[in-house]
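1. Following is a predicted model, sequence given first.
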Amino acid sequence: MAEREYTEPVDECDARGRLNPAARGWSRTPLLRANLRRAWGRKKKWDYWCVNTPEVVVSFVYADVDYAGLANVWVMEHSTGLQAGGGVLVPFARGFSMPELVCHGAAQHVGKGFRLRIAETTTHTELQTSVARTPEGPLEVDIRVAKPAGHEGLNVMIPWSDRRFQFTSKQNTRPATGTVRLGDRTWEVGEDAWGVQDLGRGIWKYRNRWNWAAASGYGEDGRLVGLQFGGKWTEGTGATENALCIDGRLTKISEELVWDYSWDDPMQPWRVRTPGSDQVDVTLTPTFDRYDVTDVKLLKMEVHQCFGTWSGRVVGDDGVPVEIDGIRGFAEEARNRW
């Protein structure tokens, strides 16, 4: 299966709000203008960031799903499982605004006792938040995720039809620096700290399930390796969100991968592999399951996001195998009605 690679800016939708045929395909840099329109209640827009360090994980969410807006921050300490965070859920996404040009501009929420900001510059992404009160004390995060010159990521359109479709930008192996403060604790973000992005802009089906896995770290030969795998929601569309990023260069994988894991026992290993070759064969050993569920009848979102370390073998476009052993990342399954 071959997917079209495009290299020029493109609009996501046509004048009727349907998928622009020119937006089908993928690119190595974000080139899309997410001019979503009509289809009220089906439009879903979000920016998600996860910064994974040797000591902590920090995630940011800023989302507009038409009938609700969500801004959230979450922190977890690897060694203890300590968690803290905060956020808001705003009916009809009042006050939420996101730039049409993906991976540009800023998105922010400022409220009483909670502030969150995701801002793009030419050299880095700024992730900033403050939560006045958590059970562990006030939370402050100030992180910069670098944009190395020439760095490539996966930007791909998943087309269920011309009325239902999703653009996603997945980026990894981007160095992160900054500070996380929680009560009287302070964690410095720097060495071996990586940012992972999931940006989504689309018009969705009501019921959906997806897999997502990501990791960043150094292979046994010293090369910088990023894993980006997805599944379930892309099946039958002719597009995938599977790729490797090795030393900042993208290898697109245009076939569905095989996922072996247990929804009922998610702390068991997660194995992901290419079905007909040895291009990918990696296994996540989980150390923490972030289980989350939001259920307000018509709206339900349930996810097991398992953090841990990946080991195995991958092969990029250059044909040279890379062995990985213990690089940090996660894998998840989400089940949604939204």
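-> Perfect, thanks for sending it. It should be emphasised that the depicted structure is a prediction, and the values quoted were computed from it without experimental measurement. Numbering: from 1, shown residues only.
2. how many neighbours does D198 have?
-> Residues lying near D198 (other Cβ atoms under 10 Å) number 21. All C-beta spots, glycine's among them, are computed from the backbone N, C-alpha and C.
3. So it is in contact with A213, correct?
-> No - here D198 lies out of contact with A213, judged by Cβ atoms under 8 Å, at a distance of 11.4 Å.
4. how far away is V61 from R273?
-> Counting by Cβ to Cβ, to the nearest Å, the gap between V61 and R273 amounts to 30 Å.
5. which stretch of helix or strand covers the residue nearest to G111 when sequence neighbours are not counted?
-> The shortest distance from G111 to any residue that is not its chain neighbour, by Cβ to Cβ, 6 or more residues apart in numbering, is 6.0 Å, and that residue is V88. V88 belongs to strand 83-91 when elements are defined using DSSP states H and E.
6. helices and strands around that strand, which ones?
-> On a contact count with 3 or more Cβ pairs under 8 Å, 6 or more residues apart in numbering; DSSP states H and E, strand 83-91 meets strand 68-77, strand 114-120, strand 124-131, strand 139-146.
7. between the last one and strand 124-131, how many degrees?
-> This points to strand 139-146. Angle between the axes of strand 139-146 and strand 124-131 is 180 degrees (criterion: axes from the mean of the first three to the mean of the last three Cα atoms, to 10 degrees).
8. who's in contact with whichever helix or strand comes after strand 139-146?
-> Proceeding N to C from strand 139-146, the next assigned helix or strand is strand 154-159, under DSSP H and E. Among residues not part of strand 154-159, those counted as contacts by Cβ atoms under 8 Å, 6 or more residues apart in numbering are 3, 12, 19, 23-32, 102, 165-171, 202, 228, 233-234, 237-241, 243, 245, 250, 252.
9. of those residues, buried ones?
-> 12, 19, 23-28, 30-32, 102, 165-171, 202, 228, 233-234, 237, 239-241, 243, 245, 250, 252 (16 or more other Cβ atoms under 10 Å).
10. Report pLDDT for the residue nearest to P321 when sequence neighbours are not counted.
-> Spatial nearest neighbour of P321, excluding adjacent residues (Cβ to Cβ, 6+ apart): V315 at 5.1 Å. The predicted local distance difference test score for V315 is 98.
11. what's the neighbour count on V315?
-> For V315, the neighbour count with other Cβ under 10 Å is 18.
12. same thing with K297?
-> 6.
13. repeat for the one 3 residues further on
-> Summarising burial for K300: neighbours were counted as other Cβ under 10 Å, giving 14.
14. can you give me the strands for the stretch 101-250 of the chain?
-> When assigned using DSSP state E, counting those that start in this stretch, the strands of the stretch 101-250 of the chain occupy the ranges 106-111, 114-120, 124-131, 139-146, 154-159, 165-182, 185-189, 194-203, 207-218, 224-231, 242-246, 249-253.
15. got the angle between the last one and strand 242-246?
-> This points to strand 249-253. When the same axes, to 10 degrees is applied, the directions of strand 249-253 and strand 242-246 differ by 160 degrees.
16. and what of the longest one?
-> Here strand 165-182 runs at an angle of 50 degrees relative to strand 242-246 (the same axes, to 10 degrees).
17. counting contacts, what elements does strand 165-182 pack onto?
-> For strand 165-182, the helices and strands in contact under the criterion 3+ Cβ pairs under 8 Å, 6+ apart are strand 139-146, strand 154-159, strand 185-189, strand 194-203, strand 207-218, strand 224-231, strand 242-246.
18. So in that sheet, which strands flank it, and in what orientation?
-> Under the criterion DSSP bridges, strand 165-182 sits next to strand 139-146 (antiparallel), strand 154-159 (antiparallel), strand 185-189 (antiparallel), strand 194-203 (antiparallel) in its sheet.
19. Now do the buried residues in the shortest one.
-> Residues of strand 185-189 classed as buried under the neighbour-count rule (16+ other Cβ under 10 Å) are 185, 187, 189.
20. Can I get the residues you listed in TSV including pLDDT?
-> Below are those laid out as TSV (pLDDT from 0 to 100):
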residue	pLDDT
R185	97
W187	98
V189	98
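21. will you turn the residues you listed into CSV that also has distance to V303?
-> Output for the buried residues of strand 185-189, formatted as CSV (distance: Cβ to Cβ, whole Å):
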residue, distance to V303
R185, 26
W187, 25
V189, 24
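22. Among these, find me the one that's closest to F114.
-> Distances from the buried residues of strand 185-189 to F114 were compared by Cβ to Cβ; the smallest belongs to R185, at 19.3 Å.
23. Nice, that's everything, thank you.
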